[in-house]
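Participant: mind folding the following:
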Amino acid sequence: MTKDEHSLPAVYVLYLVDLVKRWQVPADALLADSGLDETMLVDPKKRISIRDCIRLLERARALSGVPALGLFLGLQMHVSAHGFLGFAALSASNVREAIELSVRFMPIVTTALGLRLRMDGREASLIVEEHADFGAARDIVLLAVLIGIWRAGEALTGRQIDGCGEIAMPEPSADYGVEQLGPRVRFGQPSTRLVFDASVLTFPYKMADPVALQLARDQCERLLGTLGLDGRIASRVSALIGAGTKSGFHSLEKVAAELHVSPRTLKRQLASEGVSFSALIEKERRERAIILLASSGLSLKKVAERLGYSNVANFARAFQRWTGTSPREHRASAGALPRRG
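Facilitator: Just a heads-up that it's a prediction; the model follows:
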């Protein structure tokens, strides 16, 4: 496994081993020809490549005969499996703080996935970004992540969190077991994300501990530095641009303040990574526009307003530039979905 190859802690494979035992699949059958055994999986420093993880997930599905394996994997996952990031999340004061920690420190768990918090009116969403090709196991990974995060939120708040999970994949065939997922998971969406009422962000955590949180946060920062991941300023800026604001986007000055640097320094740091603040804003607008247009309950005027445009014409010109089609044409071809709530 090379330094730059996507990987994740081997302990996640241990959860997979335990899960498939439910369908009488022994550990040695699942791990055959992988070069792994159960004793290696408990080593907190052991990591496996995403390539090897995909092979194990596909093998687990074949041996268990369970198409929607990601659902059960997500339900079985515990927050403590995520190492120091998990300990930090456990100690957070509320849902918002736990999400912000996850967005910031996801790379110490894996660089194959990223998280972004987005606000849109009274709706909040936690977007899952894919930085690796998960192949035939993509549905397992995305389901496990969405269900795992949702389960953790309910467990740590002690409250039911209403909302849904959306996956940017075609809806699977009937034999997949879609009915097991219920209405809280929907396929064929513009992006992969958890969608919930913004008030959920204030739900307090039952195990909040500011001292433990600071210790865990410090360790996460050290790990970022050790892995050489603390310098990826563009991903941090992208996460902050649309987070925490119910309309529009944070300004360069606001994001710079959040990162404790001057606007000039932030511009220079972004330039060193070959990107500009305006380009990141443009990317966020494009992604948000596609999601908003999927709602038939929003007029084009409302969509334009939520994206910070003074009128529909300016928005339409920008959308044409991004996608090569007009907002109306895109909405018609995509088939807008009814607005929730």
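Participant: phi, psi for residue 167 please.
Facilitator: phi -120, psi 130 (degrees, to the nearest 10).
Participant: quick one, what contacts it?
Facilitator: Going by C-beta atoms under 8 Å, 6 or more residues apart in numbering, residue 167 touches 139, 142, 143, 146, 185, 186, 187, 188, 189, 192. Heads up, the C-betas are built off the backbone N, CA and C, glycines and all.
Participant: how about the most centrally placed residue in the chain, secondary structure?
Facilitator: Nearest to the geometric centre of the chain sits residue 128, at 2.5 Å (C-alpha atoms, centre = their mean). The three-state label given to residue 128 by DSSP: H, G, I helix; E, B strand; the rest coil is strand.
Participant: where do the helices of the stretch 101-250 of the chain begin and end?
Facilitator: Remark: helices assigned in the stretch 101-250 of the chain by DSSP state H, counting those that start in this stretch are 138-157, 178-181, 210-226, 233-241.
Participant: would you format those as TSV with distance to residue 39 and mean pLDDT included?
Facilitator: Converted to TSV, those look like this (distance: least, C-beta to C-beta, whole Å; pLDDT from 0 to 100):
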stretch	distance to residue 39	mean pLDDT
helix 138-157	24	94
helix 178-181	33	73
helix 210-226	24	90
helix 233-241	35	80
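Participant: kindly reformat those as CSV containing distance to residue 265 and mean neighbour count.
Facilitator: Converted to CSV, the helices of the stretch 101-250 of the chain look like this (distance: least, C-beta to C-beta, whole Å; neighbours: other C-beta atoms under 10 Å):
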stretch, distance to residue 265, mean neighbour count
helix 138-157, 33, 22
helix 178-181, 46, 14
helix 210-226, 19, 15
helix 233-241, 10, 21
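Participant: can you lay out those helices as a markdown table showing distance to residue 294?
Facilitator: Written out in a markdown table, the entries for those read as follows (distance: least, C-beta to C-beta, whole Å):
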| stretch | distance to residue 294 |
| --- | --- |
| helix 138-157 | 18 |
| helix 178-181 | 19 |
| helix 210-226 | 34 |
| helix 233-241 | 21 |
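Participant: residue 117 is nearest to which of those helices?
Facilitator: helix 233-241 (6.9 Å; C-beta to C-beta).
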